[in-house]
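[1] quick one, fold the following:
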Amino acid sequence: MSKRTPKVEKDNARAAASEPAQAAASASENASAAEKARKPRLTPKQKKWLIAGIALLVAAAVAVTAVVLHKKHRGGDEGLGVEVVTVAKQDMSQSISVTGKVASSKTMSVTSDLTAKVKTLNVELGDHVKKGDVLLAFDISDLDEQIKTLEQQTSRAAKAKAREKEKLQRALDQAVADGNEAVKDAAAEADKAYQAWAKLAADPEAEAEEVDAAKDAYYAAEKAVNAAVKEGNANVNAAQEAIEDADYASNDDDNDTAKELAKLYRQRNNATIKAEQDGIVTQLNTSVGSTPEGTLMRIEDDTALTIQVGVKAKDIVRLEKGMRAELTSDAYPDQTFSGTVTKVVNFTSSEAGSDGEEGGDSGDGYRANITIDEGDGLLLGMGVKVKIYLQEGEEAMAVPYDSIIEEDGTSYVYRAVPDEKDPEQATFEKVRVNPGEPGDYYTGVASEDLSIGDLVVSSPDMVSEGDTAPYFVSDGKDFTEEETE
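    Take a look at the predicted model:
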């Protein structure tokens with residue numbers, strides 16, 4: 001029994017504690033029932049008006065939310081209100097903005113085919129040089145030794161070739177002499193045979209067999225003459241060919257030697273490297289005592305400047321040579337430089353834009369070069385912002401693109417008329433306009449009722465004719481930046 005007593009006491013305590021709560025709940029239910037009994041029941045017509053009222057409240061909440069979101073979207077912090085801009089004259093030119101780096105339009109890579117050590121180096125990276133300045137000189141002691149050895153070999157070879165040619169010439173002369181002697185002897189024998197034949201032929205007592213034998217002897221002698229001539233010519237031709245072959249071989253050797261010597265002479269003459277143009281040393285790949293290969297250094301004319309810019313695909317099709325450009329740099333915040341588009345690279349490749357020297361970072365692989373007309377102070381490699389004018393325009397009264405609405409073929413803007421008593425409130429009225437040429441961010445307009453200094457709504461879908469609401473004036477910067485993203 002003692003073990004059950006605590007449980008009974010605990011249960012009794014819980015029951016006692018729950019009684020006030022149950023009593024309160026019962027009282028609340030009774031009160032609610034009484035309230036319902038007192039509340040009148042709505043008729044169908046009353047329910048309809050109640051629903052309409054709720055719809056109006058929801059619409060108002062949506063409108064307020066839209067205005068708030070619109071304000072946030074435009075980046076305003078002036079408080080709740082309709083964004084308006086001041087009607088002003090705007091530059092109606094069309095342009096694109098790109099970025100790039102200052103580069104030289106005249107660059108020179110200094111190279112040499114001489115394999116030798118650098119003896120003297122007269123420049124350092126970043127030095128300015130003038131055309132004709134001595135940049136470096138090679139050690140040509142080994143080169144002089146090569147030239148001396150080759151000249152000695154050439155001299156000995158020339159003497160040997162001369163002796164060989166004399167020998168071959170004597171052989172030719174001997175062949176000619178031997179041939180002539182053989183022909184002379186054969187001709188004498190043929191003449192003797194002819195005389196014998198003629199004598200027998202004239203003798204009436206000569207036997208026919210004797211005459212025929214004499215004739216055959218003569219014919220044989222004639223053949224001997226022809227054979228002597230043929231053999232003599234063959235010997236002479238062989239001797240002549242030997243001379244010609246020797247000449248050809250000698251000429252080949254001479255040509256090879258002459259080419260090698262000419263190369264060495266040229267290298268010796270070019271062992272002192274001079275600048276071929278004015279400029280600044282922007283790359284240096286050698287030092288005293290080294291044996292350089294390839295490009296020794298790079299010189300860029302820092303007075304002939306160009307801007308290499310990257311261009312987006314949608315803009316490259318509108319870009320042409322000769323277009324005007326304005327250049328600005330963070331190094332000169334208060335100065336504007338002028339330039340001209342001189343090259344449009346309207347194709348793309350895997351290499352384009354992959355290295356820092358091929359243009360700015362604002363392109364899709366397409367590039368253009370801007371020649372700087374006046375760029376005193378701009379330095380090679382300096383980042384530049386470039387505005388390229390695709391179409392020149394004059395100043396005209398203009399409003400933002402989105403401010404214009406069209407109804408039944410007629411264009412309007414909403415003008416904000418500030419309240420005289422409450423300057424923070426404005427009434428919005430439609431004003432007819434005639435749109436003109438578009439610029440980058442604005443459209444030129446003509447209107448008898450709109451004037452410079454008037455306020456027009458940036459987003460006309462936010463207001464209606466006769467509406468009154470708070471407003472704030474935007475300078476248009478957020479608008480233009482947003483619209484051109």
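[2] low-scoring stretches of the stretch 1-150 of the chain, by residue?
    Scanning the stretch 1-150 of the chain for pLDDT under 70 picks out 1-80.
[3] just the stretch 151-300 of the chain next, same as before
    For the stretch 151-300 of the chain, the ranges with pLDDT under 70 are 252-253.
[4] all the strands of it, residue numbers only.
    Applying DSSP state E, counting those that start in this stretch to the stretch 151-300 of the chain gives strands spanning 272-274, 279-284, 295-300.
[5] list the contacts of the residue lying closest to Lys430 once chain neighbours are set aside.
    Nearest-residue entry for Lys430: Tyr412, 4.6 Å, with adjacent residues in sequence omitted and distances by CB to CB, 6 or more residues apart in numbering. Where you see a C-beta, it was placed from the backbone N, CA and C, and this is true even at glycine. Shown in contact with Tyr412 (CB atoms under 8 Å, 6 or more residues apart in numbering): 404-406, 430-433, 460.
[6] mind checking the SS state of Tyr412?
    Assigned with DSSP: H, G, I helix; E, B strand; the rest coil, Tyr412 falls in the strand class.
[7] any idea what it is bridged to?
    Bridge pairing for Tyr412 (DSSP bridges) gives the partners Ile405, Arg432.
[8] any idea how far Ser95 is from it?
    Tyr412 sits 28 Å away from Ser95, going by CB to CB, to the nearest Å.
[9] over to Gln153?
    71 Å.
[10] of all the strands of the stretch 151-300 of the chain, which one is nearest Leu455?
    strand 295-300 (52.8 Å; CB to CB).
[11] what strands line up against the next helix or strand after that closest one, and which way round?
    Counting by DSSP states H and E, the next helix or strand C-terminal to strand 295-300 is strand 305-311. Within its sheet, strand 305-311 is paired with strand 94-104 (antiparallel), strand 366-374 (antiparallel), according to DSSP bridges.
[12] ranking the strands of the stretch 151-300 of the chain by burial, who's on top?
    When neighbours are counted by mean count of other CB atoms under 10 Å, the highest per-stretch mean among the strands of the stretch 151-300 of the chain falls to strand 295-300, a mean of 21.
[13] hang on, the earlier thing: including distance to Leu135, could the strands of the stretch 151-300 of the chain go into JSON lines?
    Listed next are the strands of the stretch 151-300 of the chain as JSON lines, based on distance: least, CB to CB, whole Å:
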{"stretch": "strand 272-274", "distance to Leu135": "5"}
{"stretch": "strand 279-284", "distance to Leu135": "8"}
{"stretch": "strand 295-300", "distance to Leu135": "7"}
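[14] how many residues are close by the residue lying closest to Asp419 once chain neighbours are set aside?
    Distance criterion CB to CB, 6+ apart; nearest residue to Asp419, sequence neighbours excluded, is Gln425 at 4.3 Å. Neighbours of Gln425 under the rule other CB atoms under 10 Å: 16.
[15] likewise Phe337?
    Neighbour tally, Phe337, other CB under 10 Å: 23.
[16] which residues touch it?
    Contacts of Phe337 by CB under 8 Å, 6+ apart are 326-329, 372-375, 378.
[17] which of those residues has the largest number of neighbours?
    Leu327 (26 neighbours).
[18] find the nearest non-adjacent residue to it, please.
    Phe337 (4.0 Å).
[19] pLDDT score assigned to that neighbour?
    Model confidence at Phe337, given as pLDDT, is 93.
[20] list the contacts of the residue nearest to Asp419.
    418-419, 468-471.
[21] one more time with 7 Å
    Neighbour list for Gln425: 419, 468-470 [criterion: CB atoms under 7 Å, 6 or more residues apart in numbering].
[22] can you say which of the residues you listed are buried?
    For the contacts of Gln425, a burial check counting by 16 or more other CB atoms under 10 Å picks out Ala469.
[23] how long is stretch 405-414 from one end to the other?
    9 Å (CA to CA, to the nearest Å).
[24] in that stretch, which residues are buried?
    411-414.
[25] so can I have a markdown table of the contacts of Phe337 showing distance to Ala246 and pLDDT?
    Rendered in a markdown table, the data for those read as follows (distance: CB to CB, whole Å; pLDDT from 0 to 100):
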| residue | distance to Ala246 | pLDDT |
| --- | --- | --- |
| Glu326 | 75 | 93 |
| Leu327 | 71 | 94 |
| Thr328 | 76 | 94 |
| Ser329 | 73 | 94 |
| Ile372 | 66 | 90 |
| Asp373 | 68 | 85 |
| Glu374 | 70 | 73 |
| Gly375 | 67 | 65 |
| Leu378 | 68 | 89 |
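[26] any chance of CSV for those, columns distance to Ala160?
    Formatted as CSV, the contacts of Phe337 follow (distance: CB to CB, whole Å):
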residue, distance to Ala160
Glu326, 76
Leu327, 71
Thr328, 76
Ser329, 72
Ile372, 65
Asp373, 68
Glu374, 69
Gly375, 66
Leu378, 66
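[27] so what's Val129 bridging to?
    Here Val129, judged by DSSP bridges, has bridge partners Gly279.
[28] Thr120 now?
    Ala137.
[29] I'd like to know how far it sits from Ile140.
    12 Å.
[30] the strands in the stretch 301-450 of the chain, which residues?
    305-311, 324-329, 332-345, 366-374, 383-391, 395-400, 405-407, 410-418, 425-438, 442-446.
[31] and the closest residue to Ala88 other than its chain neighbours, what does it touch?
    Leaving out its chain neighbours, the residue that sits closest to Ala88 by CB to CB, 6+ apart is Ile452, at 6.1 Å. By CB under 7 Å, 6+ apart, the contact set of Ile452 is 87-89, 397.
[32] which of those sit farthest apart?
    Spatial extent of these (CB to CB) is set by the pair Val87 and Lys89 at 8.9 Å.
[33] overlap in contacts, the two.
    In contact with both Val87 and Lys89: 397, 452, using CB under 7 Å, 6+ apart.
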